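> A predicted structure for the sequence below; I have some questions about it.
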Amino acid sequence: MSEFRPMAPQILALASTKGGVGKTTLAFCLATELARRLSDMSDNRSSDMPDNRLVECIDADPNQTLYQAIRRGRAKGVRAEVANGETLLAAVAEASKRAGLIVIDLEGTANQAMLYACGKANLVLIPAQPSLFDVVEAMKTHAVVEQAADLTRREITTRVVLSRTPVLRQRVVEHSRKQFAERGLPMLSTELMERTAFRLMTYTGTPPWEDDPEGGAAGNVTALGDEVAALLGWTDNG
């Protein structure tokens, strides 16, 4: 695997005004996958610099599903903490002193924490299932990102990620992509598929690449990691 060197610290936020869209699953997959890519990096930092090889997850969802999964699996190079609307900014500031990448998993509703997280993020991913309901909610989420961009006076890179899509391609997936394209929302080309391995990892805390390296879920996460790394501006020195 090529060695990726990120510009650190960076912040990736997973946001949706709708619950149950696979947001936490995507957050877990990306946090563990990107940490795996960082694990072989040499540590050339000074003592007062964040560790570019560490991924820190901030779970701002009251259910704390991501926090529990990270703690259960003890994935190398990944740590987790919890926050809410009142503590999120402080948590991000502290995490920025320790980690090269911060992954924020937000509650499935439009709230103060979402606005704060989007305002701090280098990249916002909006998971959406292939349905009209999710298209509408993704538009609402994108409006929050635009509000955060206006408040911070900077552009915030945003992508919709189709989630829980069937392994066997269905017309509804292409229809959903068309709906997002017509609304001007850019998308990742890779989708988060509906696979049993993704459900299993919520119980075990073990990422697909570790549980079944040759499986379809592992390949799915690798492809997602490639796109996200590129959007974060990570350079490939391999």
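Great, that's in hand.

> quick one, phi/psi of Gly22?
phi 90, psi 20 (degrees, to the nearest 10).

> pretty sure it is touching Arg164, no?
Yes - at 5.1 Å, Gly22 and Arg164 qualify as touching, with contact defined as Cβ atoms under 8 Å. Quick note: C-beta positions are derived from backbone N, CA and C, even for glycine.

> Now do the shared contacts for the two.
Common neighbours of Gly22 and Arg164 (criterion: Cβ atoms under 8 Å, 6 or more residues apart in numbering): Gln129, Leu192.

> Identify the residues contacting the residue most central in space within the chain.
In the chain, the residue lying closest to the centroid (Cα atoms, centre = their mean) is Ala27, at 4.0 Å. Contacts were defined as Cβ under 8 Å, 6+ apart; by that measure Ala27 touches Leu14, Cys57, Leu66, Val103, Asp105.

> For these, work out which two are farthest apart.
For these, the farthest-apart pair by Cβ to Cβ is Leu14 and Cys57; their separation is 9.9 Å.

> overlap in contacts of the two?
By Cβ under 8 Å, 6+ apart, Leu14 and Cys57 have these common neighbours: Ala27, Val103, Ile104, Asp105.

> Beta-bridge partners for the third one, please?
In this structure, Ile104 bridges to Ala13, Ile58 when assessed by DSSP bridges.

> quick one: it and Gly119 touch, right?
No - look at Ile104 against Gly119 with Cβ under 8 Å: they stay out of range, at 11.2 Å.

> With neighbour numbers in mind, choose between those two.
Ile104 (30 against 22; other Cβ atoms under 10 Å).

> what about the more buried one, distance to Lys76?
According to Cβ to Cβ, to the nearest Å, Ile104 stands 21 Å off from Lys76.

> Same question for Glu214.
Distance from Glu214 to Lys76, by Cβ to Cβ: 20 Å.

> Neighbour count for those two, which is higher?
Lys76 (13 against 7).

> tell me the contacts of that one?
Going by Cβ under 8 Å, 6+ apart, the list of residues near Lys76 reads Ala35, Arg36, Ser39.

> List the contacts of the first one.
If I follow you right, that is Ala35. Shown in contact with Ala35 (Cβ under 8 Å, 6+ apart): Arg53, Leu54, Val55, Ala75, Lys76, Gly77, Val78, Leu101.

> So what does the first one look like in phi/psi?
Backbone dihedrals for Arg53, given as degrees, to the nearest 10, come out at phi -90, psi 0.

> Okay, the closest residue to it other than its chain neighbours and Val228: tell me how far apart.
Counting by Cβ to Cβ, 6 or more residues apart in numbering, the nearest residue to Arg53 once its immediate chain neighbours are dropped is Leu38, at 4.4 Å. To Val228, Leu38 is 13 Å away according to Cβ to Cβ.

> Asp59 now?
From Asp59 to Val228 the distance is 19 Å (Cβ to Cβ).
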